[in-house]
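Undergrad: Turn this into a structure:
(chains A and B)
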Amino acid sequence: DIQMTQSPSSMSASLGDRVTITCQASQDIGNNLIWFQQKPGKSPRPMIYYATNLANGVPSRFSGSRSGSDYSLTISSLESEDMADYHCLQYKQYPLTFGSGTKLEIK
Amino acid sequence: QVQLKESGPGLVQPSQTLSLTCTVSGFSLMDYSVHWVRQPPGKGLEWMGRMKYDGDTYYNSALKSRLSISRDTSKSQVFLKMNSLQTEDTAIYYCTRRYLFDYWGQGVMVTVSS
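TA: Sure thing, here's the model as predicted:
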């Protein structure tokens, strides 16, 4: 199975900060990665497809990038509504596997 | 519009079988796959398995011996059955559409307790 190592597990940042969350894949997954945002009591919402493509309706302050086996979700200027859990998912190979999640809090 | 909705019992006794239904609308089960994902309270997401648009299934190997996914295309429903439930199976269970997980149900909380 492909392991997705996500970091950090939690973080606190101030409004306006640049925030980066990372997932590292244990095997080659190409760009077959999705980033999800999940707010308390809600279902996950896809934010980034194919590692770098913004999903419909997602604010442009969100972006995705890849460097080798490392995949990053970046929020360029943190807003209060971005407080949420974030998850990555690889869909290169079955079984599909998620990262362990990142809890993002606002200072 | 595309919708998915999970339904099933909120409470299951240990060692019993869980039966959940995902009812979809706005798309055909013969055109799109449906996946099941679960999330224990306060924890991360776990992919459980999928019903492909052609009727093929694939399961998480960790659950394969206990899990079965089936469908009724005439009713636009996908079913999940998992036996030998334990307290560790307490979770929110979601169904979601295709490998891009573009639409999700609201989830159903299942508690395994006597």
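Undergrad: From now on I want contacts and neighbour counts done on CA atoms only, so please keep to that.
TA: Will do.
Undergrad: which residues does B:Q77 contact?
TA: B:21-24, B:29, B:71 (CA atoms under 8 Å, 6 or more residues apart in numbering or on different chains).
Undergrad: so what's A:S63 up against?
TA: When contacts are counted by CA under 8 Å, 6+ apart, A:S63 touches A:48, A:52-54, A:73-76.
Undergrad: Could you dump those residues into JSON lines with pLDDT and neighbour count added?
TA: Listed next are those as JSON lines, based on pLDDT from 0 to 100; neighbours: other CA atoms under 10 Å in any protein chain shown:
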{"residue": "A:I48", "pLDDT": "98", "neighbour count": "23"}
{"residue": "A:T52", "pLDDT": "98", "neighbour count": "21"}
{"residue": "A:N53", "pLDDT": "98", "neighbour count": "16"}
{"residue": "A:L54", "pLDDT": "98", "neighbour count": "19"}
{"residue": "A:L73", "pLDDT": "98", "neighbour count": "25"}
{"residue": "A:T74", "pLDDT": "98", "neighbour count": "17"}
{"residue": "A:I75", "pLDDT": "98", "neighbour count": "20"}
{"residue": "A:S76", "pLDDT": "98", "neighbour count": "15"}
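Undergrad: Return the closest of those with respect to chain B.
TA: A:I48 (10.1 Å; CA to the nearest CA).
Undergrad: element containing the closest one?
TA: Taking DSSP states H and E as the definition, A:I48 sits inside strand A:45-49.
Undergrad: dump the residue contacts of the residue nearest in space to the middle of chain B.
TA: A centroid search over chain B (CA atoms, centre = their mean) returns B:W36, at 3.6 Å, as the residue closest to the centre. With contact set as CA under 8 Å, 6+ apart, B:W36 has these partners: B:47-50, B:80, B:93-96.
Undergrad: So which residues of the chain form strands?
TA: This is for chain A. A:4-7, A:10-13, A:19-25, A:33-38, A:45-49, A:53-54, A:62-67, A:70-75, A:84-90, A:97-98, A:102-106 (DSSP state E).
Undergrad: nope, chain B please
TA: Counting by DSSP E, the strands of chain B are B:3-7, B:11-12, B:18-25, B:34-39, B:46-51, B:57-59, B:67-72, B:77-82, B:91-97, B:108-112.
Undergrad: Send me stretch A:58-72 as PDB with only the CA atoms.
TA: Listed in PDB are the C-alpha atoms of stretch A:58-72, where the atom choice follows Å, rounded to 0.1, in the frame of the first residue of the first chain:
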ATOM      1  CA  VAL A  58     -12.100  27.500  -4.400                       C
ATOM      2  CA  PRO A  59     -10.500  30.800  -3.500                       C
ATOM      3  CA  SER A  60      -7.300  31.700  -5.400                       C
ATOM      4  CA  ARG A  61      -5.300  32.000  -2.200                       C
ATOM      5  CA  PHE A  62      -5.200  28.200  -2.200                       C
ATOM      6  CA  SER A  63      -2.600  26.400  -4.400                       C
ATOM      7  CA  GLY A  64      -1.100  23.000  -4.700                       C
ATOM      8  CA  SER A  65       2.400  22.100  -5.800                       C
ATOM      9  CA  ARG A  66       4.700  19.000  -6.100                       C
ATOM     10  CA  SER A  67       8.400  18.500  -5.700                       C
ATOM     11  CA  GLY A  68       9.300  14.900  -6.300                       C
ATOM     12  CA  SER A  69       7.300  12.800  -3.800                       C
ATOM     13  CA  ASP A  70       6.400  15.800  -1.700                       C
ATOM     14  CA  TYR A  71       3.100  17.500  -2.300                       C
ATOM     15  CA  SER A  72       2.100  20.800  -0.700                       C
END
